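Novice: What follows is a predicted protein model with its sequence.
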Amino acid sequence: MTRSPGVIGLDIGSSYVKAVSLNTGNGIAEKYVQKTGFDYTSAASLLVERFRRRPAALGVTGYGKNRWQDNNISAARVVYKTEISALARAMNHLGILDGTLVDIGGQDCKILKIKNGKLVEHALNRRCAAGTGSYLEFIAYRMDMEPAKMNEMAVREKEYYPLNSFCTVFAGTEILDCIKKNVPLSRLVRGLYVSIVERVREIAGLDAPVFLSGGVIAYHPVLLEIFQTILGKEVPVAVVPEPQFLAALGIAAYAKEKMLAPNNNEKGEDE
């Protein structure tokens, strides 16, 4: 069966590739995700082939956007944008015109400040992976525990043991030392999530309202509760719809815009 043309957005992350297609109302029609692995092109191309519609316009963003090139996909328009640009566009696409977006991914944490629908400031974590998905995965590995179980444990526990180290490796060692001292595991895990929120607050100020996105938010929903607790009632905090696919949605919106623009056979410029 021949597939009809559509608009697809690809977010090629360090850990996972996320992809969405747009419906006629500019919402998400289909969404897919899979591990990135070592072959960025293969992972992204396999996702594109899963959509019911072939790409008339294709947007590409994410950690691996510059490593992906598939000449077998004949899109009328291919647009490349940075994650910051894609996330800001997605917020506008959702009608969120003011606030702070905290996006926590596999390798980095991005904070965007938006006013009147415009990106006015952004900040990223330093090269250390503390406060990211890799940080959680490393700690889970050291404790021989599934990340989902960590989230469940933190939800049940309301007290936490403060962790002093932001460094991924040192935090793992600190947790093991605490276990030897018989500190309750549930309090340690809760403290781990608290340390992530504190790490985010160290990167930049969080002006109200605050919105959360990224794969870490999608798979560790306890973070919403912890953000709300630490920031207090005066700072509303909410999770955006489909938090893992926000950048993919934003780049898809860019791709559709370029498809409808004049001279739409030119390669999209990066930002």
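Specialist: That came through, no problem. Numbering: from 1, shown residues only.

Novice: Gly99 - nearest residue in space that isn't next to it in sequence?
Specialist: Spatially, and ignoring its direct neighbours in sequence, Gly99 is nearest to Pro209 (4.4 Å; C-beta to C-beta, 6 or more residues apart in numbering). Glycine gets a C-beta too; all of them are placed from N, C-alpha and C.

Novice: wait, Ala86
Specialist: Closest to Ala86 by C-beta to C-beta, 6+ apart is Gly250, at 3.7 Å.

Novice: My guess is the one you found contacts Thr82. True?
Specialist: No. At 10.4 Å, Gly250 and Thr82 do not qualify as touching, with contact defined as C-beta atoms under 8 Å.

Novice: joint contacts of these two?
Specialist: Counting by C-beta atoms under 8 Å, 6 or more residues apart in numbering, the shared contacts of Gly250 and Thr82 are Thr61.

Novice: how close does the spatially most central residue of the chain get to Thr36?
Specialist: Taking C-alpha atoms, centre = their mean, the centroid of the chain lies closest to Gly214, which sits 2.3 Å from it. Applying C-beta to C-beta, to the nearest Å, the value for Gly214 to Thr36 is 15 Å.

Novice: Pro147 too?
Specialist: From Pro147 to Thr36 the distance is 17 Å (C-beta to C-beta).

Novice: now Ser186
Specialist: Going from Ser186 to Thr36 by C-beta to C-beta gives 32 Å.

Novice: coming back round to it: how much space is there between the residue nearest to Ala86 and Lys118?
Specialist: Gly250 is 14 Å from Lys118, by C-beta to C-beta.

Novice: What of Val7?
Specialist: According to C-beta to C-beta, Val7 and Lys118 sit 24 Å apart.

Novice: Which one's more surrounded, Gly250 and Thr82?
Specialist: Set side by side, Gly250 and Thr82 show more neighbours around Gly250, with 28 against 17, by other C-beta atoms under 10 Å.

Novice: where's the more buried one, which helix or strand?
Specialist: For Gly250, the element it lies in under DSSP states H and E is helix 246-260.

Novice: Check what pLDDT the residue of the chain most remote from its centre gets.
Specialist: Distance from the C-alpha centroid of the chain, by C-alpha atoms, centre = their mean, peaks at Lys181 (35.3 Å). Here, the pLDDT recorded for Lys181 equals 85.

Novice: Next up, the contacts around the residue nearest to Ala86.
Specialist: Neighbours of Gly250 in contact, by C-beta under 8 Å, 6+ apart: 9, 61, 81, 85-91, 93.

Novice: circling back: so the residue nearest to Gly99 sits right up against Val102, yeah?
Specialist: No. Between Pro209 and Val102 there is no contact under C-beta under 8 Å: 11.3 Å.

Novice: and stretch 58-70, which residues are buried?
Specialist: Of the residues in stretch 58-70, 58-65, 68, 70 count as buried by neighbour count, 16 or more other C-beta atoms under 10 Å.

Novice: Let me know the average pLDDT across that stretch.
Specialist: Stretch 58-70 shows a mean pLDDT of 83.

Novice: For that stretch, which outside residues touch it?
Specialist: 7-14, 17-18, 36, 40-41, 44-45, 48, 73, 75, 77-83, 85-86, 105-107, 247-248, 250-255, 268.

Novice: Weed out the non-buried ones from those.
Specialist: 7-14, 17-18, 36, 40, 44-45, 48, 75, 77-83, 85-86, 105-106, 247-248, 250-255, 268.

Novice: From the residues you listed, which land in helices?
Specialist: 40, 44-45, 48, 83, 85-86, 247-248, 250-255 (DSSP state H).

Novice: nearest to Glu174, of these?
Specialist: Distances from Glu174 to those, taken as C-beta to C-beta, are shortest for Glu83 (30.7 Å).
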